[in-house]
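Trainee: Pasted the sequence and its predicted model underneath.
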Amino acid sequence: MHAALRTGTAMPVAIVGTGYVGLVTGACLAAIGHSVVCIDADPHRAEQVARGNTPIHEDGLPELVREGVTTGRLSATCDLAAAINGAKIIIIAVGTPSEDGRIDLSAVEAASRQIGAAIKGRTDFPVVVVKSTVVPGTTDTLVRRAIEIESGGVAGELFGLAMNPEFLSQGSAVHDFLDADRIVIGQWDDRSGNALANLYRSFPAPLLRMGLRDAEMVKYAANGLQSLLISYANQIASLCEAIPGTDHARVMEAVHLARMLDGPEGGRAGATSFLKGGIGFGGSCFPKDLQALAAHGRRLGVPMALIEAISMINNVRPAQVLNLLGSVFEKRIAILGLAFKPGTDDLRESPAIKLITRLQSRGAELRAHDPLPMTRKRAREAGLPVVDSVDAAMAGADFIIIATAWPEYRALDWNALAALPHPPVVLDGRLVLDGLDLPRRLRVIRIGVGVEPQENTAEERT
């Protein structure tokens with residue numbers, strides 16, 4: 001794909017921040033022919049990238065980083081001033097974590113000030129692009145003022161200003177960038193927008209140009225909609241769990257056939273992938289963005305009841321799922337999956353971690369596993385009860401909870417597990433086992449299914 005997008009006019013680009021968004025953006029832009037320098041305050045992280053290594057797990061990213069470094073189109077440094085010198089496009093891709101329910105813009109402001117100082121005296125109109133997720137009204141106020149103060153210049157004269165929200169899903173971020181469904185450019189003026197549009201000139205995706213605040217709002221609106229679909233499906237699942245004889249998967253299968261959810265050539269639209277029950281969403285975006293959006297609305301005197309309800313439904317979902325097991329006091333439980341979704345090593349706001357915390361408070365004996373060594377390392381450093389093999393996690397377990405939809409767990413030998421003298425009860429929190437021909441002796445609890453109350457298998461054998 002990236003060869004087909006190869007741009008005819010290479011642009012020098014500097015990216016401040018080498019997290020998921022910054023590194024994926026840098027590697028992908030380098031892959032289509034631009035000259036990219038990634039900047040990070042962490043010397044170890046910058047050195048890793050400079051050597052062609054990838055400090056995060058993302059499908060397809062290691063290959064692009066190695067390719068970029070080998071060809072010389074991708075480099076990394078801690079020296080912001082040197083990296084920005086000569087860059088026509090300067091992208092801010094630093095983190096915007098949630099602080100007491102509000103967005104923390106300190107890193108964005110610090111980057112803006114450093115950029116302002118670095119471009120002081122330039123006459124070639126570099127364009128500063130905010131790619132970090134920021135609430136509407138940030139780019140044209142906080143960012144612009146910080147750059148103007150440090151540079152001594154004015155937006156639209158000394159430098160350009162733009163906002164370019166990202167729509168990358170962890171686990172498919174490289175694909176999402178190179179095969180974008182839309183590119184949104186928020187612009188201070190036409191000159192700024194033209195420069196950024198030139199960066200994406202080889203992309204066939206629809207390109208929308210709008211005001212800075214509209215572009216900032218697009219990101220929150222998009223994440224809010226995806227979160228809404230997930231929480232809607234989870235609320236239907238929780239209701240089905242309380243009604244014997246209902247199965248939310250069958251219910252949602254029928255819902256997915258609505259013509260308004262038609263996709264290309266009559267297939268299902270991508271939105272249906274979010275309309276599926278589970279144990280809740282996590283990650284670095286949805287939870288904090290919902291909090292920031294709700295807080296922003298409150299500051300403006302606009303009630304955000306629906307946004308707050310999405311978060312509330314998500315927060316209680318792990319507890320609802322655990323209730324399907326009944327009493328778990330002093331039981332041995334295996335947690336399969338730690339990352340908030342498959343294809344990533346990100347533990348931030350992971351529902352699996354919420355399950356572990358709740359189970360520990362009940363006195364359960366836990367052993368957790370994740371297929372990625374990097375994830376296990378980070379979880380172990382956080383004090384979580386992690387083991388390095390799935391067999392070690394399941395050995396002697398009373399219950400097994402599938403918390404992340406890794407395909408590796410679907411491929412386990414469930415027949416061998418059922419053949420044990422006392423097979424554990426399996427709670428499939430992600431419907432990973434749906435469609436498998438499982439032994440009848442193996443009791444599998446599927447989320448979203450209403451069943452008549454029964455004695456707990458694990459209780460009986462003790």
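Mentor: Received, thanks.
Trainee: Tell me which residues of stretch 40-57 come out buried.
Mentor: By neighbour count, with 16 or more other C-beta atoms under 10 Å as the criterion, the buried positions of stretch 40-57 are Asp40, Ala41, Arg45, Ala46, Gln48, Val49, Ala50, Thr54, Pro55, Ile56, His57. No exception for glycine: its C-beta is placed from N, CA and C like everyone else's.
Trainee: ditto for stretch 159-174
Mentor: When neighbours are counted by 16+ other C-beta under 10 Å, the buried residues of stretch 159-174 are found to be 159-168, 170-174.
Trainee: Select from those residues every entry located in helices.
Mentor: The helices in this structure, assigned by DSSP state H, contain Ala173, Val174 from the buried residues of stretch 159-174.
Trainee: Which two among the buried residues of stretch 159-174 are spaced furthest apart?
Mentor: Comparing every pair within the buried residues of stretch 159-174 by C-beta to C-beta identifies Phe159 and Gly171 as the most remote, at 35.1 Å.
Trainee: Out of the buried residues of stretch 159-174, flag the one nearest to Ala221.
Mentor: If you rank the buried residues of stretch 159-174 by distance to Ala221 using C-beta to C-beta, Pro165 comes first, at 9.8 Å.
Trainee: May I have the phi/psi pair for that closest one?
Mentor: phi -60, psi 150 (degrees, to the nearest 10).
Trainee: and if you look at Gly33?
Mentor: Dihedral pair for Gly33: phi 120, psi 0, per degrees, to the nearest 10.
Trainee: And for the one 10 residues further on?
Mentor: Here the main-chain torsion angles of Pro43 (degrees, to the nearest 10) amount to phi -60, psi -40.
Trainee: surely it meets Cys78?
Mentor: Yes - taking C-beta atoms under 8 Å as the contact criterion, Pro43 and Cys78 are neighbours in contact, 5.3 Å apart.
Trainee: Okay, helices next: where are they in the stretch 251-400 of the chain?
Mentor: Along the stretch 251-400 of the chain, the segments classed as helices by DSSP state H, counting those that start in this stretch run 286-299, 305-323, 351-361, 373-381, 390-394.
Trainee: So what would you say the end-to-end distance of stretch 329-340 is?
Mentor: In terms of C-alpha to C-alpha, to the nearest Å, the two terminal residues of stretch 329-340 are separated by 25 Å.
Trainee: meant to ask about stretch 124-135
Mentor: For stretch 124-135, the separation between the terminal residues is 29 Å (C-alpha to C-alpha).
Trainee: follow-up on the earlier one: return the member of the buried residues of stretch 159-174 nearest to Ala416.
Mentor: Where the buried residues of stretch 159-174 are concerned, and distances follow C-beta to C-beta, Ala416 has its nearest neighbour in Gly171, at 29.1 Å.
Trainee: ok, now which ones touch the closest one?
Mentor: Remark: with contacts taken as C-beta atoms under 8 Å, 6 or more residues apart in numbering, Gly171 is in contact with Glu58, Asp59, Lys341, Pro342, Gly343, Thr344.
Trainee: ok, the second one to Gly277 distance?
Mentor: To tie it back to what came earlier, the one meant is Asp59. Asp59 sits 25 Å away from Gly277, going by C-beta to C-beta, to the nearest Å.
Trainee: Got the domain ranges for this protein?
Mentor: The domain map for the chain lists 12-205, 222-314, 318-460, with the assignment taken from automatic domain parsing.
Trainee: out of those domains, nearest to Asp214?
Mentor: Checking these against Asp214 by C-beta to C-beta gives domain 12-205 as the closest, at 6.1 Å.
Trainee: Distance from the closest one to the middle of the chain?
Mentor: Relative to its chain's centre, domain 12-205 lies at 18 Å (C-alpha atoms, centre = their mean, to the nearest Å).
Trainee: First-to-last residue distance for it?
Mentor: Criterion C-alpha to C-alpha; first-to-last residue distance in domain 12-205 is 22 Å.
Trainee: Quick check: mean pLDDT of that domain?
Mentor: Averaging the model's pLDDT scores along domain 12-205 yields 96.
Trainee: ok, Arg380 touching Val387?
Mentor: No - under the criterion of C-beta under 8 Å, Arg380 lies out of contact with Val387, with a separation of 9.4 Å.
Trainee: Which of these two has more residues huddled nearby?
Mentor: Ranked by neighbour count (other C-beta atoms under 10 Å), Arg380 and Val387 place Val387 first, with 18 against 14.
Trainee: Please name the residues that touch the residue nearest to Arg182 when sequence neighbours are not counted.
Mentor: Taking C-beta to C-beta, 6 or more residues apart in numbering, and ignoring the residues beside it in sequence, Arg182 has Pro206 as its nearest neighbour in space, at 5.0 Å. With contact set as C-beta under 8 Å, 6+ apart, Pro206 has these partners: Asp181, Arg182, Ile183.
Trainee: residues in contact with Glu58?
Mentor: Applying C-beta under 8 Å, 6+ apart to Glu58 gives the contacts Tyr20, Leu23, Val24, Gln170, Gly171, Ala173, Val174, Gly343, Thr344.
Trainee: Farthest pair within the residues you listed?
Mentor: Taking C-beta to C-beta as the measure, the contacts of Glu58 reach their widest spread between Leu23 and Gly343, a distance of 15.5 Å.
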